[in-house]
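Chemist: Model the structure of this input:
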Amino acid sequence: MSEKIAVVTDSTCDIPDAMVEEYNVHVVPLRILYQNEEYLDKVEISPEDVYTRLKDEVPTTSLPRPQDVSELLERLKTEGFTHVLIIHLSAGLSGTGQMLRNMAEEMQGVEVKVMDSKSISMGLGIQVLEAAKAVRDGLPFAKVCQAAETARDNSTVHFVLATLEYLKRGGRIGKVAGTLGQMLNVKPIIFVNREGIYETAAKVRGRRQSIDRLIQVAKERLESPGVVAVCHGAAEREMEEIVEALQGLNNVRELMVAHVSPVIGVHTGPGTIGIMVHTTE
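Modeler: Below you'll find the model as predicted:
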């Protein structure tokens, strides 16, 4: 019996919409909760909406609705999919993965594998895209899963923030130092470590130096050929600067630009800029 494989992820993957459609990726939205309102991430609210409202209210974020997950899995089954690979944002940053695992265990008649990306944004996105490309190329389910795992092992995400306020407020500070750095205008270069939590890679003084160091870190990673994604939240000028600095490098095989999802924006605030590098050789 031939395999029909679906790739599912969550809305923090930050894959541009055109690529989601091109590679037939199925995306389950997380939720943004205000005191009197609830929105589906990227479906009913944009990052700009979140940033505009921050001065009045900082929302919280929540897992996808179980109903949305169950309806998606049932629809995939009805459409004849025999295998489903679900890749989610780091379990070290969210309970989304555990919820998806619980839902997958209830699924009958379809083989479902749930994989922890141990990353976020395009660090998650690149794993999803590599799996989806393997599906497009007609590879068997085991090879599709392996493609995602290889991307996980060979990719990194580094980012800088305008302020650590939102990361601290949301309890996602991980191993990143907080208050002292804010007082001294020290800007940490943050990365997602192998356990899938935030950690400081370096500390520099001021915004200008933080962008320069971020570019330097990316260039060091690009001593080998790789795919690059530059992601930002209300930091378009810096994004354009980073793209200009990286796009001409010999080892850049592909360069993508993406906006961070509203859910990520809640926890990082405006002025977020990050670089994902996936080495391919």
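Chemist: which non-adjacent residue is nearest Met103?
Modeler: Val69 (4.7 Å; C-beta to C-beta, 6 or more residues apart in numbering). The C-beta positions use only the backbone N, C-alpha and C, and glycine is treated the same way.
Chemist: Next, the contact list for that neighbour, please.
Modeler: 28, 99-100, 103 (C-beta atoms under 8 Å, 6 or more residues apart in numbering).
Chemist: Likewise for Val230?
Modeler: By C-beta under 8 Å, 6+ apart, the neighbours of Val230 are 239, 242-243, 246, 255-258, 273-275.
Chemist: one more time with 7 Å, if that's ok
Modeler: 239, 242-243, 257, 275 (C-beta atoms under 7 Å, 6 or more residues apart in numbering).
Chemist: Where does it sit, in terms of helix or strand?
Modeler: Taking DSSP states H and E as the criterion, Val230 maps to strand 226-233.
Chemist: model confidence over that strand, on average?
Modeler: If you average the pLDDT over strand 226-233, you get 98.
Chemist: before we move on, what about stretch 62-80?
Modeler: The model assigns stretch 62-80 a mean pLDDT of 97.
Chemist: Turn the contacts of Val230 into a markdown table, columns for neighbour count.
Modeler: Putting these into a markdown table (neighbours: other C-beta atoms under 10 Å) gives the following:
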| residue | neighbour count |
| --- | --- |
| Met239 | 22 |
| Ile242 | 23 |
| Val243 | 17 |
| Val257 | 16 |
| Ile275 | 28 |
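Chemist: The residues you listed in strands, which ones?
Modeler: When these are checked against strands (DSSP state E), the matches are 257, 275.
Chemist: Just flag the most distant two among the contacts of Val230.
Modeler: Val257 and Ile275 (10.8 Å; C-beta to C-beta).
Chemist: can you list the weak-confidence ranges in this protein?
Modeler: Counting by pLDDT under 70, the chain shows low-confidence ranges at 1, 174, 177-183.
Chemist: switch the cut-off to 80
Modeler: For the chain, applying pLDDT under 80 flags the ranges 1, 170-175, 177-184.
Chemist: how about the helices in the stretch 151-281 of the chain?
Modeler: For the stretch 151-281 of the chain, helices defined by DSSP state H, counting those that start in this stretch occupy the ranges 165-169, 179-183, 206-221, 236-246, 262-268.
Chemist: Done for today, thanks.
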